[in-house]
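> Turn this into a model:
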Amino acid sequence: MNLTVFGIGYVGLVQAAVLAEVGHEVMCVDIDEKKVERLNQGLIPIFEPGLEALVKENHAAGRIRFTTDAAAAVRHGRIQMIAVGTPPGEDGSADLKYVLAVAETIGREMDSAKIVVGKSTVPVGTCEKVKARIAETLKKRGREDLSFDVASNPEFLKEGSAVADCMKPDRIIVGTSSEDTEMVMRELYAPFNRNHEKMIVMDVRSAEFTKYAANCMLATKISFMNEMANLAEQLGADIEEVRKGIGSDPRIGYHFIYPGLGYGGSCFPKDVRALIKTAEGVKFDAKLLRAVEERNNAQKSILFDKVNHYFKGALKGKTFAVWGLAFKPNTDDMREAPARTLMEALWAAGAKVQAYDPEAMQECQAIYGLRDDLLLCGTKEAALRGADALLICTEWKSFRAPSFDALKDALTTPVIFDGRNLYDPKVIARYGIEYFSIGRMAA
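Predicted structure coming up:
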């Protein structure tokens, strides 16, 4: 099937590559000429396990192409998939200007029947706006004879495992009231729907809402667990033991109940805020969602507060090793990462940072540039040398089993502040290292 994907960002590129892998002919279009040129040269703009090989192999086979020619792209695909960004506005609501710009482009360039599929995360009612914009553009052209439909098909990718999530989706949500559109979407996703029925078809508005509801539910689990962790510290309980106890209940499960420094990235923060704004638009008081966001914002400062308390507020002139910059492992994404909140607070207090991350070093450089109070180190060991303490922000596997003897020797003060609960406090104590984590008493 011929498919066009507008937007070669995280969602668009992964989805396009996976659809090409199963045999569809995919043309990706973006207004960023440099990005398109780099992709045609085999240079992948993001780090995602398995993505680079997938793109290169399918590009070489001619199943995926990259272009800035919107007219050619619209002509190519029976399906027009919109996967452009929906950045948050100043008030937290989703900005739809890129989505609606694509809708106008499709209306301006289409010359045959199309199925327009909303893949971007958008507020309820966006597909109706897309439909209206396309219809308005066709009317201006005098081509109201051209038929089209607009469906919702939200993505449920996790950064760090997005390729696997696309290859083996746990569900495929399609919002449409058209039997013809449903049939085409079933054909598109047939290669991923063989073992058992994964496609759930519903009305468009419910499909749009499902995406927000899913992310907000997961964000709520994270914020709940962080609140319990903070309470556990005050009560003398160990949140890691509590996690095992409640996770064993199948009604709760172990997913998304790890205490830490809060959620970050491109989805959860943006989507929680956007749904709060949507609720305000219909005069609904989203008390729980506002509490989720409030807890998460506060949680990002927990590690700094522990450091500041330990050093009695005397942080000026001190140097801290920071392990982990990305908001989660297996990505280089630093959008709303807890490490950013921590480092910026340290700098404001007059401290210096020696940081290391397996993948996010270039991204950190791009965000902060050259600073006298930031040293990006080539290894995790280099970040420790001469530092007054180690601060852990991301649970990369390479951080899980360090040489604690070498770590103690490298640090000026043998103390670890662990925002991801990677280590057993009793083990750390045997090495003569002080250890502060989330929701657990120091050994």
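
> any residues touching the helix-or-strand element of the chain with minimal mean pLDDT, and which ones?
Across the helices and strands of the chain, the lowest-confidence element by mean pLDDT, DSSP states H and E is helix 162-167, at a mean of 92. For helix 162-167, contacts defined as C-beta atoms under 8 Å, 6 or more residues apart in numbering pick out 10, 14-15, 17-18, 21, 48-51, 54, 156-158, 192. C-betas here are computed from N, CA, C, even on glycine.

> Try it again at 10 Å.
Residues outside helix 162-167 that contact it (C-beta atoms under 10 Å, 6 or more residues apart in numbering) are 10-11, 13-19, 21-22, 46, 48-51, 53-54, 155-159, 161, 191-192, 330-331.

> Restricting to C-alpha, output it in PDB.
This file holds the C-alpha atoms of helix 162-167, laid out as PDB (Å, rounded to 0.1, in the frame of the first residue of the first chain):
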ATOM      1  CA  ALA A 162       9.500   2.200  20.100                       C
ATOM      2  CA  VAL A 163      10.500  -0.100  17.300                       C
ATOM      3  CA  ALA A 164       9.500  -3.200  19.300                       C
ATOM      4  CA  ASP A 165       6.200  -1.400  20.300                       C
ATOM      5  CA  CYS A 166       5.400  -0.800  16.600                       C
ATOM      6  CA  MET A 167       6.400  -4.300  15.500                       C
END
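
> re earlier: show the buried residues in the contacts of helix 162-167.
10-11, 13-19, 21, 46, 48, 50-51, 54, 155-157, 159, 161, 192, 330-331 (16 or more other C-beta atoms under 10 Å).

> Ends of stretch 160-176, what's the gap?
This stretch, stretch 160-176, spans 30 Å end to end (C-alpha to C-alpha, to the nearest Å).

> for whatever helix or strand comes next after the least confident helix or strand of the chain, packing partners?
Tracing the chain past helix 162-167, the next element assigned as helix or strand by DSSP states H and E is strand 172-175. Packing partners of strand 172-175 (3 or more C-beta pairs under 10 Å, 6 or more residues apart in numbering; DSSP states H and E): strand 114-118, strand 148-152, helix 179-189, strand 199-202, helix 204-235.

> Quick check: which of those is buried the most?
Among these, ranked by average contacts under mean count of other C-beta atoms under 10 Å, first place goes to strand 114-118 (a mean of 25).

> quick revisit: so which of the helices and strands packed on strand 172-175 comes closest to residue 31?
Among the helices and strands packed on strand 172-175, strand 114-118 comes nearest to residue 31, with 18.1 Å by C-beta to C-beta.

> Partner strands of the closest one and their direction?
Paired neighbours of strand 114-118 in the sheet (DSSP bridges): strand 79-82 (parallel), strand 148-152 (parallel).

> re the thing from before, so which of the buried ones among the contacts of helix 162-167 belong to helices?
10, 11, 13, 14, 15, 16, 17, 18, 19, 21, 51, 54 (DSSP state H).

> The first one reaches residue 266, doesn't it?
Meaning residue 10. Yes: under the criterion of C-beta atoms under 10 Å, residue 10 makes contact with residue 266 at 6.9 Å.

> Now do the shared contacts for these two.
In contact with both residue 10 and residue 266: 85, 159, 331, 333, using C-beta under 10 Å, 6+ apart.

> which residues touch the residue nearest to the second one when sequence neighbours are not counted?
Closest residue in space to residue 159, ignoring its immediate chain neighbours: residue 331 at 4.4 Å, by C-beta to C-beta, 6 or more residues apart in numbering. Taking C-beta under 10 Å, 6+ apart as the criterion, residue 331 is in contact with 10, 46-49, 158-162, 265-266, 337, 359-360, 363, 394.

> repeat for residue 223
Residue 223 neighbours (C-beta under 10 Å, 6+ apart): 262-263, 268, 272, 288-289, 291-299.
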